[in-house]
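Asker: Got a predicted structure plus its sequence, pasted below:
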Amino acid sequence: MSGPFHLTPLAEIRPGMVLSDVVRDGKGNVLLAHGVVLTESMLASLARHGIDMLPIVQAEPAPPPLDPVAVQGRLDHIFRKHDRDDLGDWATGILRRYVEDYRLQREVSQ
């Protein structure tokens, strides 16, 4: 089996779900390959073949939303020994901006 999966009853499967493993019939013939995105017609065909459970890829949990205030607070802590407005410490200012852009998932301009 590839990756985290959940053995799901055919009645609970919806079109668009993804197989995490090969599906075989009772004789060992491959019906569907792993990674296939299921359609309504595939589900109907599987029911006709007597398949009642399918290994379905588990959806990854959504990442928590970004909190810009928390990111800034963490960066203030990391860069606590460096003054943001100190123009003489330009390298640290650039580093902080790059880390801030990365953590806030902003595009970095070249």
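Answerer: Yep, it's here.

Asker: what secondary structure does the residue lying farthest from the centre of the chain sit in?
Answerer: Going by C-alpha atoms, centre = their mean, the residue of the chain most distant from its centre is residue 88, 41.4 Å out. Assigned with DSSP: H, G, I helix; E, B strand; the rest coil, residue 88 falls in the coil class.

Asker: mind checking how far it is from residue 73?
Answerer: 25 Å (C-beta to C-beta, to the nearest Å). C-beta here means a position set from N, CA and C on the backbone, and glycine is covered the same way.

Asker: With just CA atoms, put stretch 89-98 into PDB.
Answerer: Output of stretch 89-98 as PDB, limited to C-alpha atoms (Å, rounded to 0.1, in the frame of the first residue of the first chain):
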ATOM      1  CA  ASP A  89      23.000  45.900  10.300                       C
ATOM      2  CA  TRP A  90      21.600  45.500   6.700                       C
ATOM      3  CA  ALA A  91      22.500  41.800   6.400                       C
ATOM      4  CA  THR A  92      20.300  40.900   9.400                       C
ATOM      5  CA  GLY A  93      17.500  43.100   8.000                       C
ATOM      6  CA  ILE A  94      17.600  41.200   4.600                       C
ATOM      7  CA  LEU A  95      17.700  37.800   6.400                       C
ATOM      8  CA  ARG A  96      14.700  38.800   8.500                       C
ATOM      9  CA  ARG A  97      12.700  39.900   5.400                       C
ATOM     10  CA  TYR A  98      13.500  36.600   3.600                       C
END
